[in-house]
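**Student:** next input, structure requested:
(one chain, ligands or ions: 2)
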Amino acid sequence: MRYISTRGTAPELDFEEAVLTGLARDGGLYVPAEIPRMSPDEIAALAGLSYEEVAFRVMRPFLGDALDDETFRGIIARAYAPFGHAARAPLVQLGPDHFLLELFHGPTLAFKDFAMQLIGQLFQTLLDRNGRRVTIVGATSGDTGSAAIEAFRGLGNVDVFILYPHGRVSEVQRRQMTTPTEDNVHAIAVDGDFDDCQSAVKAMFNDMDFRDAVSLAGVNSINWGRVLAQVVYYFSAATSLGAPHRPVSFTVPTGNFGDIFAGYVARAMGLPIERLVAATNQNDIIHRTLQDGSHRKTGVSPTISPSMDIQVSSNFERVLFDVYDRDGAAVARLMDELRDEGGFDLSQGALSRLQEVFASGRASEEETLASIARTLETATELLCPHSAVGVKVGEEHLADGVPMITLATAHPAKFPDAVEQATGQRPALPPRMADIFERPERVTRLANDLEAIKAHIRGNIRA
Ligand SMILES: Cc1ncc(COP(=O)(O)O)c(C=O)c1O
Ligand SMILES: N[C@@H](CCOP(=O)(O)O)C(=O)O
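**Tutor:** Residues are numbered from 1 along each chain as shown. Ligands and ions are numbered 1, 2, ... in the order given. Got it, this is the predicted structure:
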């Protein structure tokens, strides 16, 4: 299995190098040279299997000879053992054709744990066997950072630095990043928004001296391994509702486009997905783009679903690569336009190809609060604001006879203020996290200044 860059000029890599490398050296994102397909019989055989077995069968074809089967099964088993639900990703019914896929039963209560727990185990195995160490630098709007810190805390050959936008994550999210005591993990509060943090991370990858000097690695969805691990729950959910014998649709609360891109990969592998619906909050660049092909940044505005407060959706580049016939030079031109002019227009052909697969919708702040309240009343399900955006948009895309599965991406207790505002109920954290508000915090606040951030990282890597 070979991996190629969406900008066409970086070296092709195998699975191990693609995962450890992160951003391609031409600034692009790695994708498989070809997506492996599963036959209808292979997909049907997944129904009723454990989540871990589905994970093994779905991900195995992407690994090539990077790991033997026994080692990979061990990685999967350790990754999902800490989850608080036997099904890992249970489905609950919201209405006759509407289902909710609960992805918040992992250690940090967000869907990020599905991939990050796996990546943590994968990195340990690959680094130990090669005697390597890396510096992970990540950007977060709240959930990726806490999941990464949880997955890598205490590891001897990994230092982790997480950049989050100061004042723009929930208190629980912040404390999940600032209260771990291990000296290999570092939270950095940046005076900026998530796009600034992500842009700093990409700039560090594009600075070859810095990149090589610190052995930079990435665990944002820049990393192909992150996307791959998220493909699995599309298969587990769809097969439990009758796929491949009947198609299903998914609605995905969307920010950086990583989660919905995983659904796109599942579809390309042969899973019969009729529609992938991107649900955005008022930071709606993806919704606007899918409506009329105009992809324009407008600046990030803070919302009650802060993890989706994103306007530069990193993984959109991966789908552009496909709808531009895998022409890396064309993708590089679009990305240059986005950087230099703040946006670009899709060709009519590219837009039509996107619209064959994707639909979209948005939710205002009021609609998000109403969605939380309504879902509690009609289905006794307490939603986080991101999942509420998804449910509102999912409801608008119900089609007779095709089950709609909306992804519930975080636990409501991570966003208690919004949930209380909508319902009067303040959701409790699980007992193991109950003392998070008493633990001391450790965080460095920095200006949105690339050189200052790099200097801080260099100065805090363990010898
Ligand atoms: C709770 C939650 N929902 C939705 C999203 C959006 O997912 P993606 O960035 O993969 O589009 C995020 C952030 O990634 C998140 O943390
Ligand atoms: N919403 C994310 C943003 C970055 O996520 P990634 O999945 O693209 O790495 C977050 O919570 O940090």
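**Student:** who in the stretch 201-350 of the chain is up against ligand 1?
**Tutor:** 221, 253-259, 307-308 (CB under 6 Å from any ligand atom). No exception for glycine: its C-beta is placed from N, CA and C like everyone else's.
**Student:** with just CA atoms, put the longest helix out of those in the chain into PDB.
**Tutor:** Using DSSP state H, we find that the single longest helix of the chain is helix 112-130. Extracted C-alpha coordinates of helix 112-130, given in PDB (Å, rounded to 0.1, in the frame of the first residue of the first chain):
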ATOM      1  CA  LYS A 112     -11.400  11.800  18.800                       C
ATOM      2  CA  ASP A 113     -10.700   9.000  21.200                       C
ATOM      3  CA  PHE A 114     -11.500   6.400  18.500                       C
ATOM      4  CA  ALA A 115      -8.600   7.500  16.400                       C
ATOM      5  CA  MET A 116      -6.300   8.900  19.000                       C
ATOM      6  CA  GLN A 117      -6.300   5.800  21.300                       C
ATOM      7  CA  LEU A 118      -5.300   3.800  18.200                       C
ATOM      8  CA  ILE A 119      -2.700   6.200  17.000                       C
ATOM      9  CA  GLY A 120      -1.200   6.300  20.500                       C
ATOM     10  CA  GLN A 121      -0.800   2.500  20.500                       C
ATOM     11  CA  LEU A 122       0.500   2.600  16.900                       C
ATOM     12  CA  PHE A 123       3.100   5.200  17.600                       C
ATOM     13  CA  GLN A 124       4.400   3.300  20.600                       C
ATOM     14  CA  THR A 125       4.800   0.100  18.600                       C
ATOM     15  CA  LEU A 126       6.400   1.700  15.600                       C
ATOM     16  CA  LEU A 127       8.700   4.000  17.600                       C
ATOM     17  CA  ASP A 128       9.800   1.300  20.100                       C
ATOM     18  CA  ARG A 129      10.700  -1.100  17.300                       C
ATOM     19  CA  ASN A 130      12.800   1.500  15.500                       C
END
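**Student:** that one - what's its average pLDDT?
**Tutor:** For helix 112-130, mean pLDDT rounds to 97.
**Student:** the helix or strand that that helix is followed by versus helix 112-130: what angle between them?
**Tutor:** The helix or strand immediately downstream of helix 112-130 is strand 134-139, counting by DSSP states H and E. Counting by axes from the mean of the first three to the mean of the last three CA atoms, to 10 degrees, strand 134-139 lies at 160 degrees to helix 112-130.
**Student:** got the contact list for strand 134-139?
**Tutor:** With contacts defined as CB atoms under 8 Å, 6 or more residues apart in numbering, strand 134-139 is touched by 20, 123, 127, 144-145, 148, 152, 157-164, 194, 197-198, 200-201, 204, 214-220, 457, 461.
**Student:** now stretch 326-339
**Tutor:** Taking CB under 8 Å, 6+ apart as the rule, stretch 326-339 contacts 4-9, 26-28, 295, 297, 312, 317, 320-321, 324, 343-344.
**Student:** so, low pLDDT: which residues of the stretch 301-450 of the chain?
**Tutor:** Counting by pLDDT under 70, the stretch 301-450 of the chain shows no low-confidence range.
**Student:** all helices of it, in order?
**Tutor:** For the stretch 301-450 of the chain, applying DSSP state H, counting those that start in this stretch gives helices covering 316-323, 328-341, 348-357, 365-379, 385-396, 416-423, 450-460.
**Student:** picking that back up, filter the contacts of stretch 326-339 to the buried ones?
**Tutor:** 4-8, 27-28, 295, 312, 317, 320-321, 324, 343-344 (16 or more other CB atoms under 10 Å).
**Student:** nearest to ligand 2, of the residues you listed?
**Tutor:** Val312 (10.5 Å; CB to the nearest ligand atom).
**Student:** what residues are up against that closest one?
**Tutor:** Contacts of Val312 by CB under 8 Å, 6+ apart are 195, 198-199, 297, 338.
**Student:** now, which of those lie within helices?
**Tutor:** Filtering the contacts of Val312 for helices - DSSP H - leaves 195, 198-199, 338.
**Student:** put the buried members of those into a PyMOL selection.
**Tutor:** The following PyMOL line selects those of the ones in helices among the contacts of Val312 that are buried, judged by 16+ other CB under 10 Å:
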select buried, resi 195+198+199+338
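**Student:** which of the ones in helices among the contacts of Val312 lies closest to ligand 2?
**Tutor:** Distances from ligand 2 to these, taken by CB to the nearest ligand atom, are shortest for Gln198, at 6.9 Å.
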